[in-house]
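[1] Here you go, sequence then predicted model.
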Amino acid sequence: MKTIAELEEFMSTPSEDLVQDIQQLDGDIMIVGVSGKMGPTLAKMAKRAVDLAGVRKRVIGVARFSEQGLKEELEASGIETIQADLLNEEDLDGLPNVKNIIYMAGNKFGTVGNEHYTWAMNAYTPGRLAEKFKDSRIVAFSTGNVYPLTSVLSNSCTEDVIPNPVGEYAQSCLGRERVLTYFSHKHQTPIVLFRLNYAIDLRYGVLLEIAKQVQEGKEIDLTMGNANVIWQGDANEYAIRSLLHASYPPKLLNVTGPETLSIRWVAKEFGKRMKKEPKFVNAESPTALLNNASHAHKLFGYPRVTVEQMIDLIADWVVSDGHTINKPTHFQEREGVF
């Protein structure tokens with residue numbers, strides 16, 4: 001892949017399983033917070049699945065649309081758009097009542113010094129949305145950051161592990177989950193809490209960051225020596241298909257790839273492809289922020305894009321000087337400071 005158009009075409013291609021699930025799903029789909037890193041391709045995938053399923057179903061994207069051109073891009077793909085600020089009560093109340101909500105809005109980076117805004121976005125706003133859409137089914141994006149650091153030898157961090165978030169961002173994400181759970185109990189609203197660890201695109205993500213460090217000859221810190229990743233297209237598909245698994249009380253769902261990746265191994269794999277020798281500092285810790293997504297793989301199958309495919313694609317993209325998004329994941333962070 002050499003262009004963003006080719007990348008987005010690949011990422012938004014629905015599987016036959018998704019098309020079949022769309023045929024079973026009643027009601028329209030609204031993606032709230034569609035303008036983030038994952039939202040545009042998720043919306044396009046949902047629309048393509050609707051078209052292939054041969055059903056009449058609106059796909060609606062809601063955001064502030066501060067990025068120039070995105071609103072028009074989505075509309076050109078057949079997605080309806082609504083410009084709204086979720087912290088504005090009139091904007092929120094004015095959203096149409098839709099049966100299926102994929103809730104992606106939130107704040108992570110810039111939390112330090114602006115904690116009040118992060119809490120408002122991540123914990124207060126979800127409650128307002130849950131009250132508004134009490135008769136809908138909701139898939140709400142969350143994060144593996146709600147979990148404690150886990151032994152890399154066991155990676156036993158399933159949905160049964162009790163959350164123990166580090167830092168205000170992760171605490172506010174657990175706040176989001178608790179508030180949504182409250183409203184699920186209050187209104188018997190079916191919800192999935194979608195605990196995602198590190199979606200990967202050629203333009204951003206853990207693997208891209210490692211690839212660029214190898215390419216530029218920079219030292220790679222191994223203190224957070226392991227991570228989980230999943231291709232963004234696979235994560236998006238899991239999210240859409242999760243609508244059929246929403247339940248009351250909410251269903252917890254870890255979402256990532258099946259491997260516990262060694263950062264050292266990943267860097268060496270990029271080194272082979274780039275003909276460069278990675279440089280490392282510090283030693284691997286015995287714990288990392290990990291996520292065991294075995295249950296999601298049982299529901300939806302293993303991700304279609306493998307780790308080696310991701311490494312191949314990203315290595316080519318970096319060597320070809322492909323466009324990247326300057327939004328570091330800070331996956332190395334062990335103290336929860338974002």
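    It's in. The model shown is predicted, which means the values in this text are computed figures rather than measured ones.

[2] tell me what the lengthiest helix in the chain is packed against?
    Longest helix in the chain by number of residues (criterion: DSSP state H): helix 168-187. Using 3 or more C-beta pairs under 8 Å, 6 or more residues apart in numbering; DSSP states H and E, the elements in contact with helix 168-187 are helix 115-119, helix 125-132, strand 137-143, strand 191-196. From N, CA and C alone the C-beta is placed, and that goes for glycine too.

[3] I'd like to know which of those lies nearest to Ala76.
    Closest approach to Ala76 among these (C-beta to C-beta): strand 137-143, 24.9 Å.

[4] CA atoms of the closest one as CSV?
    This file holds the C-alpha atoms of strand 137-143, laid out as CSV (Å, rounded to 0.1, in the frame of the first residue of the first chain):
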residue,chain,number,x,y,z
ARG,A,137,-28.1,-0.7,22.5
ILE,A,138,-24.7,0.8,23.1
VAL,A,139,-21.1,-0.3,22.4
ALA,A,140,-18.9,2.1,24.4
PHE,A,141,-15.2,2.2,23.7
SER,A,142,-13.1,1.8,26.9
THR,A,143,-9.5,0.9,27.4
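
[5] That strand: what's the following helix or strand?
    Toward the C-terminal end, the helix or strand that comes next after strand 137-143 (DSSP states H and E) is strand 150-151.

[6] What pairs with that following strand, parallel or antiparallel?
    The strands beside strand 150-151 in its sheet (DSSP bridges) come out as strand 287-288 (antiparallel).

[7] who's in contact with the strand it pairs with?
    Strand 287-288 is contacted by residues Leu149, Thr150, Ser151, Val152, Met224, Gly225, Asn226, Ala227, Thr260 when judged by C-beta atoms under 8 Å, 6 or more residues apart in numbering.

[8] correct me, but the last one touches Asn228?
    It stands for Thr260. Yes - using C-beta atoms under 8 Å, Thr260 is in contact with Asn228, at 6.5 Å.

[9] Neighbour count for these two, which is higher?
    Between Thr260 and Asn228, Asn228 has the larger neighbour count (other C-beta atoms under 10 Å), namely 26 against 18.

[10] still on that earlier bit, can you redo the helices and strands packed on helix 168-187 as JSON lines with distance to Leu243, mean neighbour count and mean pLDDT?
    Listed next are the helices and strands packed on helix 168-187 as JSON lines, based on distance: least, C-beta to C-beta, whole Å; neighbours: other C-beta atoms under 10 Å; pLDDT from 0 to 100:
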{"stretch": "helix 115-119", "distance to Leu243": "27", "mean neighbour count": "17", "mean pLDDT": "94"}
{"stretch": "helix 125-132", "distance to Leu243": "16", "mean neighbour count": "20", "mean pLDDT": "97"}
{"stretch": "strand 137-143", "distance to Leu243": "6", "mean neighbour count": "26", "mean pLDDT": "97"}
{"stretch": "strand 191-196", "distance to Leu243": "8", "mean neighbour count": "26", "mean pLDDT": "98"}
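
[11] ok, back up a step: give me the buried positions along the longest helix of the chain.
    Judged by neighbour count using 16 or more other C-beta atoms under 10 Å, the buried positions of helix 168-187 are 168-177, 179-181, 183-184.

[12] what residues are up against Ser262?
    So Ser262 contacts Gly225, Asn226, Glu284 (C-beta under 8 Å, 6+ apart).

[13] Once you drop chain neighbours, what's closest to the first one?
    Nearest non-adjacent residue to Gly225, counting by C-beta to C-beta, 6 or more residues apart in numbering: Glu284, 2.8 Å away.

[14] Report the contact partners of that neighbour.
    Glu284 is in contact with Val152, Leu222, Thr223, Gly225, Asn226, Ser262, Ile263, Arg264, counting by C-beta under 8 Å, 6+ apart.
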